[in-house]
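*Asks:* My questions are about this predicted structure, shown below with the sequence.
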Amino acid sequence: MDDGPGQVRERLRFTVLGPVRAWRGATPLAAGSPQQRALLAALLLRGGRTATAPELVDALWGDEPPHAALAALRTYASRLRKALGTDAEALVSESGGYALRSVDGLPLDLDHDTAEQYAAEAEKAKAAGDRTRARELLDAALDLWDGEPLASVPGPYAENQRTRLQEWRLSLTEVRLDLDLEAGCHAEAVSELTALTAAHPLRERLRELLMLALYRSGRQAEALAVYADTRRLLADELGVDPARHSPSSTSGSCGPTPSWTPRPPRTPVRRRPPSSGRASSRPPSPTSPAAPPSSRSSATSWRRRRAA
């Protein structure tokens, strides 16, 4: 594990949640040309599994590889191995393909893997009822992003992974914002949600969260305006109405969360005051039904109001 007498080998670190970069400890390593970074990204995101030469050619060039694609691939691999220097054995040649693996028992430090770990721990914390810890872990995961993932890396594989990673980031953000609202941070979430819905106007879950944040901030009219705009936008663009619940595909790795859709105000129903005292002036919460009264006649009236 030592580089030499009295020296401890430093761990290799890589990033893909932004520009593709490499370090040995705190020392940056040359990631090379865009195609060489595309090869590095394709190997890093395979989690140590071997990628065959045809798979890598397809990852870098798709359906239109250059005439000497295999030779070019070997050149990029050779340059990458040279850039790794004393850790060159991390790049393994196997079965005509390549893989990136741990060196002397030191696993590669990849920001993508760290974000996955934080997200999994956040899911466990949320399931255990520790919302504060879940928010902290999701913030830690999201802090690992540094702009556009796989920035300026060419090739169809990088493009597909870029889309996946951007979707994952949004999903984690939605789960964290949902936890923010559960913690009562409604006013604070409005500005972030407003910016996100402007950037992703057809993402229904973000709009649901914005409506909820506005409503709980006492801005019911604005919440209804967002709902009306969402209904119009989805009808015009997709020919659908807003869903009552967010699809699981937009709920993130921490699982789906219930949505809230504001309803237009209804005509008030006259109620007879209860016999035990004066009626409360406080309306029931919009997120939960009122408890049914105990008397038979009141229960009947309550069911009629619920059916209305």
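*Replies:* Thanks, I have the structure now.

*Asks:* So residue 233 sits against residue 200, correct?
*Replies:* No - using CB atoms under 8 Å, residue 233 makes no contact with residue 200, being 11.6 Å away. Heads up, the C-betas are built off the backbone N, CA and C, glycines and all.

*Asks:* My guess is residue 145 contacts residue 168. True?
*Replies:* No - in this structure, residue 145 sits apart from residue 168 without contact. The criterion is CB under 8 Å, and the distance is 9.6 Å.

*Asks:* As PDB, could you dump the C-alpha coordinates of the host helix or strand of residue 14?
*Replies:* With the criterion set as DSSP states H and E, the secondary-structure element containing residue 14 is strand 12-15. The C-alpha trace of strand 12-15 is given here as PDB (Å, rounded to 0.1, in the frame of the first residue of the first chain):
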ATOM      1  CA  LEU A  12      -7.500   8.100  -6.400                       C
ATOM      2  CA  ARG A  13     -10.500  10.500  -6.600                       C
ATOM      3  CA  PHE A  14     -12.700  11.200  -9.600                       C
ATOM      4  CA  THR A  15     -15.700  13.400 -10.400                       C
END
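
*Asks:* Just the pLDDT for residue 188.
*Replies:* For residue 188, the pLDDT comes out at 89.

*Asks:* Give the closest residue to it in space, chain neighbours not counted.
*Replies:* Taking CB to CB, 6 or more residues apart in numbering as the measure, residue 188 lies nearest to residue 180, with 7.0 Å between them; neighbours along the chain are not counted.

*Asks:* for that neighbour, what are its contacts?
*Replies:* Shown here is residue 180, whose contacts under the criterion CB atoms under 8 Å, 6 or more residues apart in numbering are 135, 188, 189.

*Asks:* which strands and helices sit next to the host helix or strand of the last one?
*Replies:* Secondary structure assignment for residue 189, by DSSP H and E: helix 186-199. With contacts defined as 3 or more CB pairs under 8 Å, 6 or more residues apart in numbering; DSSP states H and E, the packing partners of helix 186-199 are helix 156-182, helix 204-216.

*Asks:* 10 Å instead, please
*Replies:* In terms of contacts (3 or more CB pairs under 10 Å, 6 or more residues apart in numbering; DSSP states H and E), helix 186-199 is packed against helix 156-182, helix 204-216, helix 220-237.

*Asks:* So which elements touch the last one?
*Replies:* To tie it back to what came earlier, the one meant is helix 220-237. The helices and strands touching helix 220-237, judged by 3+ CB pairs under 10 Å, 6+ apart, are helix 186-199, helix 204-216.

*Asks:* Same question for the longest one: list its buried residues.
*Replies:* In this case it means helix 186-199. Neighbour-count burial for helix 186-199, with 16 or more other CB atoms under 10 Å as criterion, is recorded at 186, 189, 190, 192, 193, 196, 197.

*Asks:* next one: stretch 184-191 to chain centre, how far?
*Replies:* The gap between the average C-alpha position of stretch 184-191 and the chain average comes to 19 Å, counting by CA atoms, centre = their mean, to the nearest Å.

*Asks:* neighbouring contacts of the strand holding residue 14?
*Replies:* Residues outside strand 12-15 that contact it (CB atoms under 10 Å, 6 or more residues apart in numbering): 20-29, 31, 40-41, 43-44, 84, 87, 90, 100, 102-103, 106-114, 144-146, 149-150.

*Asks:* Inside helices: which ones of these?
*Replies:* Applying DSSP state H to the contacts of strand 12-15, the entries found in helices are 40, 41, 43, 44, 84, 111, 112, 113, 114.

*Asks:* so where's the chain shaky on pLDDT?
*Replies:* 1-8, 240-308 (pLDDT under 70).

*Asks:* 90 - rerun?
*Replies:* 1-10, 95-96, 103-106, 188, 202, 230-308 (pLDDT under 90).

*Asks:* what touches both of residue 233 and residue 200?
*Replies:* Overlap between the neighbourhoods of residue 233 and residue 200 consists of residue 207, taking contacts as CB under 10 Å, 6+ apart.

*Asks:* ok, how many other residues are close to the closest residue to residue 182 other than its chain neighbours?
*Replies:* For residue 182, ignoring the flanking residues on the chain, the nearest one in space by CB to CB, 6+ apart is residue 131 at 5.9 Å. Here the number of neighbours of residue 131 (other CB atoms under 10 Å) works out to 16.
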